[in-house]
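Student: Using only what follows, build the 3D model:
(one chain, ligands or ions: 1)
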Amino acid sequence: MARRKKKSYIFENIEVVDAAAKGKSVAKTDDGKVIFLTNAIPGDIVDIKTGKKRKSYFEGKAIKFHKLSERRAKPVCQHFGVCGGCKWQHMQYDSQLYFKEKEVIQNLKRIGHLELPEITPILGCKKQYFYRNKMEFSFAKKRWLTYEEIQKEEEIDRNNACGFHISGMWDKILDIEKCHLQEEPSNEIRNFVKNFCIDNNIEFYDPREQTGLVRTMMIRISSIGEIMLVIQFFADDIAKRELLLKAIADKFKNITSLQYIINNKGNDSIYDQDVMLFKGRDHIFEEMEGLKFKINAKSFYQTNSDQAYELYKITRNFAGLKGDELVYDLYTGTGTIAQFVAKNAKKVVGVESVPEAIADAKQNAKNNQIDNVDFFVGDMAKVFTKEFIEQNGKPDIIITDPPREGMHKKVVEQILNIAPKKVVYVSCNSATQARDLAILDEKYKITKTQAVDMFPQTHHVENVVLLEKR
Ligand code: SAH
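Tutor: Next up, the predicted model:
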């Protein structure tokens with residue numbers, strides 16, 4: 001039943017029936033209209049308040065829960081519900097996996113209209129918390145207050161937050177006491193830095209006023225226990241900076257790389273900034289199957305190291321290399337997949353648009369004594385041309401791992417032109433993957449497809465597809 005209020009509707013006693021993209025869930029009105037919900041999970045029975053109807057659907061929130069779903073789990077994190085990070089903590093892990101796999105298959109079928117082979121079940125992650133090797137926290141002079149805090153009568157401290165952006169608000173930071181995404185000493189380091197700054201009058205950044213000192217902090221902890229900490233300052237206050245960095249170095253003797261940045265730009269992206277070394281090395285190492293990868297402050301590396309290993313093994317398996325193949329690794333990043341498959345191939349050619357990543361890739365390959373890889377920098381649509389293939393050889397197998405937007409149409413068409421025996425398509429967005437596969441369908445059939453969960457407690461899912469020539 002729908003009751004209409006000013007510009008909103010109330011629907012009562014509705015069952016939430018499915019999960020939807022971006023971590024939302026789906027309910028249906030009595031007359032079959034879809035309602036997307038932000039705060040309920042499949043199986044809940046709820047009253048819903050929505051905004052006005054969009055073209056063919058509503059967006060709303062559950063305002064009363066009549067029955068809670070059997071798929072529910074108790075969120076472990078005290079920040080759940082306010083922090084935008086791990087939105088699926090209230091769903092049991094096997095249900096998270098069920099809905100992730102379902103989304104991938106639905107996208108391949110509905111967007112790509114693709115014929116699918118037998119589906120290999122999604123690969124879950126052994127570690128369901130503390131699985132990230134990299135975290136970025138922001139400082140803000142004013143703290144985001146939760147609804148409960150505002151309701152309380154007592155005086156509360158509104159100053160100084162170190163944590164995550166409130167979703168969609170560039171200047172609002174939620175203070176984090178304990179985050180469940182990265183192993184210790186991650187929380188210990190963040191809380192120490194925050195408290196030391198408060199106790200020593202080292203001002204937190206104010207994004208609106210463009211004042212203050214400490215701005216962001218990035219912590220990387222590799223699977224072999226090396227730690228990198230990069231503190232970003234807004235202004236160049238030598239005395240306070242030295243005071244803080246020295247205190248950190250004294251307290252955390254096991255930090256491998258302690259670095260800083262002075263960034264007085266409007267935005268806090270570090271990619272165009274100089275990174276200065278305070279103590280230790282300017283990089284840490286990550287290790288995978290005997291390969292070592294050097295990672296500096298700006299390097300890209302898959303954020304879930306253990307599951308990246310699983311993802312790469314599936315990729316290598318799908319490629320089914322015998323040793324005499326020329327392989328292209330498109331969107332190679334720091335050349336990790338290229339190096340991972342190199343010993344099973346005659347040669348691997350990696351292409352990537354970020355010059356620093358390619359510099360790392362070359363350096364890493366050299367350190368790993370891999371000499372059958374070649375790396376090239378440039379925008380894929382411009383580099384991956386007929387001339388490029390004439391120069392580097394026609395690949396027997398293409399591995400491609402594009403960003404969320406998927407591949408440029410020209411790149412997809414070029415793959416069709418070359419028509420290698422096999423294509424292994426690794427994707428972090430099955431919707432754009434499905435779009436690209438629909439074009440490749442002209443010459444290829446999907447012979448394997450396997451989803452991989454790299455990010456438990458979130459709705460994100462990776463999918464690997466093997467294409468073989470028809
Ligand atoms: N395969 C790598 C990285 C995958 S992430 C790994 O597993 O670590 C996708 C990569 O595509 C990123 O490194 C990004 O810099 C790169 N990229 C994004 N757009 C690109 C483009 N237009 N041309 C070439 N590379 C691009």
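
Student: can you tell me how far residue 360 sits from the ligand?
Tutor: 10 Å (Cβ to the nearest ligand atom, to the nearest Å). Where you see a C-beta, it was placed from the backbone N, CA and C, and this is true even at glycine.

Student: hang on, that residue in a helix?
Tutor: Yes - assessed by DSSP: H, G, I helix; E, B strand; the rest coil, residue 360 belongs to a helix.

Student: Is it in contact with residue 336, as I believe?
Tutor: No - Residue 360 lies out of contact with residue 336 (Cβ atoms under 8 Å); the separation is 9.6 Å.

Student: overlap in contacts of the two?
Tutor: Residues touching both residue 360 and residue 336 (Cβ atoms under 8 Å, 6 or more residues apart in numbering): residue 293.

Student: Which residue comes closest to the residue in the stretch 151-300 of the chain positioned nearest to the ligand once chain neighbours are left out?
Tutor: Using Cβ to the nearest ligand atom, the single residue of the stretch 151-300 of the chain nearest to the ligand is residue 300, 5.0 Å away. Nearest residue to residue 300, sequence neighbours excluded (Cβ to Cβ, 6 or more residues apart in numbering): residue 333, at 4.8 Å.

Student: Confirm that neighbour sits in a helix?
Tutor: No - according to three-state DSSP, residue 333 belongs to no helix; its state is coil.

Student: That one touches residue 353, doesn't it?
Tutor: No - counting by Cβ under 8 Å, residue 333 does not reach residue 353; the two are 9.9 Å apart.

Student: More neighbours: those two, which one.
Tutor: residue 333 (22 against 16; other Cβ atoms under 10 Å).

Student: Next, work out how far apart that one and residue 399 are.
Tutor: 12 Å (Cβ to Cβ, to the nearest Å).

Student: so what's residue 453 up against?
Tutor: 96, 97, 100, 122, 123, 124, 125, 307, 461, 462.

Student: Okay, buried residues for stretch 66-80 please.
Tutor: Under the neighbour-count criterion of 16 or more other Cβ atoms under 10 Å, stretch 66-80 has 69, 71, 72, 73, 75, 77, 79, 80 buried.

Student: Please identify the buried residues of stretch 204-219?
Tutor: If you call a residue buried by 16+ other Cβ under 10 Å, then stretch 204-219 has these buried ones: 204, 205, 207, 212, 213, 214, 215, 216, 217, 218, 219.

Student: ok, and the closest non-adjacent residue to the third one?
Tutor: Pointing back at residue 207 there. Closest residue to residue 207 apart from its sequence neighbours, by Cβ to Cβ, 6+ apart: residue 171 at 4.3 Å.

Student: The fifth one too?
Tutor: The shortest distance from residue 213 to any non-neighbouring residue, by Cβ to Cβ, 6+ apart, is to residue 203 (4.8 Å).

Student: Model confidence for the one you found, exactly?
Tutor: We have a pLDDT of 97 for residue 203.

Student: cool, and residue 424?
Tutor: Here, the pLDDT recorded for residue 424 equals 98.

Student: and the strand or helix carrying it, which residues are buried?
Tutor: Per DSSP states H and E, residue 424 falls inside strand 422-427. Going by neighbour count (16+ other Cβ under 10 Å), the buried part of strand 422-427 is 422, 423, 424, 425, 426, 427.

Student: Tell me who's in contact with the first one.
Tutor: It stands for residue 422. 318, 319, 320, 396, 397, 398, 466, 467, 468, 469.

Student: any idea how far the fourth one lies from the ligand?
Tutor: Counting by Cβ to the nearest ligand atom, the separation of residue 396 from the ligand is 19 Å.

Student: I'd guessed that residue sits against residue 325; true?
Tutor: Yes - here residue 396 reaches residue 325: they are 4.0 Å apart, a contact under Cβ under 8 Å.

Student: Tell me the one of the buried residues of strand 422-427 nearest the ligand?
Tutor: When the buried residues of strand 422-427 are compared against the ligand (criterion: Cβ to the nearest ligand atom), the nearest one is residue 426, at 7.0 Å.

Student: Please flag which of the contacts of residue 453 sit within helices.
Tutor: 96, 97, 100, 307 (DSSP state H).

Student: So what touches stretch 185-203?
Tutor: Residues contacting stretch 185-203 (Cβ under 8 Å, 6+ apart): 135, 137, 139, 141, 160, 162, 176-179, 204, 211-214, 217, 219, 221, 227, 229, 231, 240, 243-244, 247-248, 251-252, 254-255.

Student: Going by neighbour count, which residues of that stretch are buried?
Tutor: So stretch 185-203, judged by 16+ other Cβ under 10 Å, has buried residues 185, 186, 187, 189, 190, 193, 194, 196, 197, 202, 203.

Student: If I look at the fifth one, what pLDDT would I see?
Tutor: So that's residue 190. For residue 190, pLDDT reads 98.

Student: Same check on residue 394?
Tutor: Residue 394 is assigned a pLDDT of 98 by the prediction.

Student: now swap in residue 6 and tell me
Tutor: The score at residue 6 is 63. That number is its pLDDT.

Student: and what of residue 2?
Tutor: Looking at residue 2, its pLDDT is 65.

Student: What of residue 419?
Tutor: 97.

Student: picking that back up, wait, doesn't the residue of the stretch 151-300 of the chain closest to the ligand sit right on residue 354?
Tutor: Yes - applying Cβ under 8 Å, one finds residue 300 in contact with residue 354, separated by 7.2 Å.

Student: Quick check: neighbours shared by those two?
Tutor: residue 333.

Student: out of the contacts of stretch 185-203, which are inside strands?
Tutor: Here DSSP state E is the test, and the contacts of stretch 185-203 give 135, 137, 139, 141, 160, 162, 214, 217, 219, 221, 227, 229, 231 as lying in strands.

Student: In contact with the residue of the stretch 201-350 of the chain found nearest the ligand, which residues?
Tutor: Residue of the stretch 201-350 of the chain nearest the ligand, by Cβ to the nearest ligand atom: residue 333 (2.9 Å). Contacts here follow Cβ under 8 Å, 6+ apart; on that basis residue 333 touches 300, 301, 352, 354, 357, 361, 401.

Student: wait, the second one sits on residue 292?
Tutor: No - distance between residue 301 and residue 292: 12.0 Å, which falls outside the contact criterion (Cβ under 8 Å).

Student: where does the stretch 301-450 of the chain come near the ligand, residue by residue?
Tutor: When proximity is defined by Cβ under 6 Å from any ligand atom, the stretch 301-450 of the chain lies next to the ligand at 302, 331-333, 336-337, 352-354, 357, 379-380, 401-403.
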